[in-house]
Every structure is written in C-alpha cells, then in structure tokens.
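Enquirer: got a structure for you, letters missing:
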C-alpha cells in the first residue's frame, strides 16, 4: 500500500469526520444565570455551571444536537421562545397551563414548590397568612409572584426583583421582611451564603414541576424526552441530582 494512497485515505476520512461534525445541528439554548444551584456563573472559569447545566448538556449529547448557550433575565425567556429567537430554555421553568399554550415542555425533570424565607431572628412568620401587609421580595415573571398576588389579601408590599441575589440582598439589608420563591433556590441560599442569618419557614406551597421549554412545534421534543428518560434509567440523573442537592428522595 503506497504512502500516497494512505495520505489520500487519511484526508478523505478527516473530511468525512469534519462533515459529520458540521452537520450536527446547533440549537440556541438560553438560561437565567441567577437561579442557583440550577444555573450560575463560575467566577473563575466564566462557565455556566449547576444542576440544569449538567442536565441540558447530557440531554443534548444524547439527543444529538450541539448547544449555543446564552443567558438572559428570567422574564425574557418565554417571550424569546415564543418569537423563535431561541430554541430551548432551561432555567427551573415551572410547567403551567398558561405557558403550555405558547411553548412546548419536555416531560418534568424536577419536582419543586414555593417556600418562605425570613431572617433568623424573625419569629412572627410561620405561614402564608403571616405575610399579609408585609414587605415581600420575589422574582419578576415567576410563579411565586403570581401566587403571592393571588393569595394575599394585602399584597401591596410584594416587590418583584430581577434576580434572586437582589431579593436575598434586600432581605439581609431589611428592605423586605421575607422572600418567597422556589424551594430549592431558597434552601440553597439558606444553607450557603445565608447560613445562620436566614431560615426557611412554613410548608411547601403549590407543588410544581420543572420542564425544559422548547419553541412551539419543536421537532426536538421527542428526542429531548427520550434523552431525559435514558439519563433517569441509567442512574446519570441520580448522580447529577446528588452532586447538587444531596441524597435523592426515593420517590423521585
């Protein structure tokens, strides 16, 4: 076998591999960088990390697409999908009937709910009714904001913030009396930066499920669902879950 023929064969194989790489579709994926520990910016590397980030990268690998990841405020995510500016979003997005009318959702990948967070020295708040007439921080465009305005009789003190760090800072500086938001995010803050300074109180409100959101009519919905099912079946989901949240409940 001549050297010239081997070089020609090698070049052909290289072109074939390159062509295969180029043909892999790249989808525009968006997330909100402030929803820890689901998605957050690694300050040392500048890379987006977190539970959701590991899930979407695993899903993309198994579904057969590349991701072009970008960030935006949470309240802009659904409109971006609706207009087709992005293909997929993952940001602890609660599956609701209203949202399902304008975007497609994957099968649920995380069970959640809403929780009250107060300062450690606050013993006056134990349940939702105790928040009437108080200053409460929550997040713009979130289901927690909708729940507060719908449930509280005196809700003029509800203040929506653009990011979760903003509302936690407001709580610590006493600009608000409480924060009401997604339970895993609230719990993560209470056990990390807010440890010894804040505490969660009351039950879990309005059980929710998070889903990966896709633009309406997406051809990738079945592949995304199949990928989610496979990572749950082979134990990958459990490994990712326990890395970020500790032992996974048996009923998940």
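Expert: Here it is on my side, so go on. Predicted model, so just to flag it, every value in this text is computed and none were measured. Numbers count the residues shown, from 1 in each chain.
Enquirer: ok, residue 37 - contacts?
Expert: If you count contacts by CB atoms under 8 Å, 6 or more residues apart in numbering, residue 37 has them with 50, 51, 184, 185, 188, 244, 245. In this view, the C-beta of every residue, glycine as well, is placed from N, C-alpha and C.
Enquirer: closest one of those residues to residue 233?
Expert: residue 51 (18.5 Å; CB to CB).
Enquirer: once you drop chain neighbours, what's closest to that closest one?
Expert: In space, and not counting its chain neighbours, residue 51 is closest to residue 244: 4.3 Å by CB to CB, 6 or more residues apart in numbering.
Enquirer: coming back round to it: of the contacts of residue 37, closest to residue 66?
Expert: Using CB to CB, residue 50 comes nearest to residue 66 of those, at 19.4 Å.
Enquirer: you'd agree the closest one is up against residue 36?
Expert: Yes. Contact criterion CB atoms under 8 Å: residue 50 and residue 36 qualify, at 6.7 Å.
Enquirer: need the contact list for the nearest residue to residue 157 once chain neighbours are set aside.
Expert: Of all residues not flanking residue 157 in the chain, residue 135 sits nearest, at 4.4 Å (CB to CB, 6+ apart). Residues in contact with residue 135 (CB under 8 Å, 6+ apart) are 157, 159, 175, 176, 177, 178.
Enquirer: distance of the last one from residue 130?
Expert: For residue 178, the distance to residue 130 (CB to CB, to the nearest Å) stands at 9 Å.
Enquirer: the two: which is more packed in?
Expert: Shown here are residue 178 and residue 130; by other CB atoms under 10 Å, residue 178 has more neighbours (24 against 17).
Enquirer: thinking the more buried one is in contact with residue 137, fair?
Expert: Yes. With contact defined as CB under 8 Å, residue 178 reaches residue 137; the gap is 7.3 Å.
Enquirer: need the residues touching each of those two.
Expert: Contacts common to residue 178 and residue 137, judged by CB under 8 Å, 6+ apart, are residue 171.
Enquirer: residues of the helix or strand harbouring residue 99 that come out buried?
Expert: Assigning secondary structure by DSSP states H and E places residue 99 in helix 97-100. By 16 or more other CB atoms under 10 Å, the buried positions in helix 97-100 come out as residue 99.
Enquirer: and the contacts of the helix or strand that comes right after it?
Expert: Sequence-wise, the next helix or strand downstream of helix 97-100 (DSSP H and E) is strand 103-105. Outside strand 103-105, the residues that touch it by CB under 8 Å, 6+ apart are 78, 81-82, 93, 95, 99, 211-218, 221.
Enquirer: excluding chain neighbours, what is closest to residue 125?
Expert: residue 118 (5.0 Å).
Enquirer: same question, residue 134
Expert: residue 177 (4.3 Å).
Enquirer: same check, this time on residue 207
Expert: Spatial nearest neighbour of residue 207, excluding adjacent residues (CB to CB, 6+ apart): residue 113 at 5.0 Å.
Enquirer: where's that neighbour, which helix or strand?
Expert: Going by DSSP H and E, residue 113 is part of strand 110-119.
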